[in-house]
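>>> Below is the sequence, then the predicted model.
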Amino acid sequence: MSDKQEELNNEEVVQNEEVQKESNVEQNESSEMTADEKIAELEAKLKESEDKYFRVHADFENIKKRLEKEKYQAIDYASEKFAKDLLAPIDTLEMALAAEETSKEVPSEELLSKLKEGVELTIKNFYSAFDKHDITIVDTDGEFDPNYHNAVMQVDSADHEDGQIVQVMQKGYKFKDRLLRPAMVSICKK
């Protein structure tokens, strides 16, 4: 009986080994499917990440182009407010000219007075536009400063010290801290 039992045991061992081999094959196949599934999943994630990257990159490029365009528009139209503020003095000058043409019956002294008033109003409008935009007149009281003054003449003056400004021939202007135009002056030379 022991031979039969041994034979049965051997058969069982062989069957167990075959079952185990089949199980191992099935496990390998299932692990291969799992690996294929993982690869497919990772490829899908990679594709999704690439898609997100390309979209973000495209958005960035669009924003960059839009900001560049806005920057150039801001530069091109930077003086728009100043230009609008200069319209009032032009209107005043045009009204003064129109008043001269329509008032042929008015005495010349009265016409001259009205024209003077119109010019004064125009200058006032210019200075108010200048104030809005930080344009100031260069100071010409006191000593000559080559950074802000342009000496076009030297004159003798008993009332002034050597190097002092005697007369202003043309006003100078500054925009904030920058010089737009130096003042043309004559200075005292002793």
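Received, thanks. Residues are numbered from 1 along each chain as shown.
>>> Can I take it that Val166 is in a strand?
Yes. Counting by DSSP: H, G, I helix; E, B strand; the rest coil, Val166 is found in a strand.
>>> and the gap between it and Ser186?
According to Cβ to Cβ, to the nearest Å, Val166 and Ser186 sit 5 Å apart. For the C-beta atoms, the positions are set from N, CA and C on the backbone; glycine is no exception.
>>> Mutual contacts of these two, please.
Common neighbours of Val166 and Ser186 (criterion: Cβ atoms under 8 Å, 6 or more residues apart in numbering): Val155.
>>> In contact with Thr92, which residues are there?
Per Cβ under 8 Å, 6+ apart, neighbours of Thr92: Gly118, Leu121, Thr122, Asn125.
>>> can you list contacts of the helix or strand containing Glu110?
Applying DSSP states H and E as the criterion places Glu110 in helix 108-132. Here helix 108-132 makes contact (Cβ under 8 Å, 6+ apart) with 81-82, 85-86, 88-89, 92-93, 95-96, 99-100, 103, 106, 136, 173.
>>> Now, of those, which are buried?
Using 16 or more other Cβ atoms under 10 Å as the burial test, the contacts of helix 108-132 include Asp85, Leu86, Ala88, Pro89, Thr92, Ala96 as buried.
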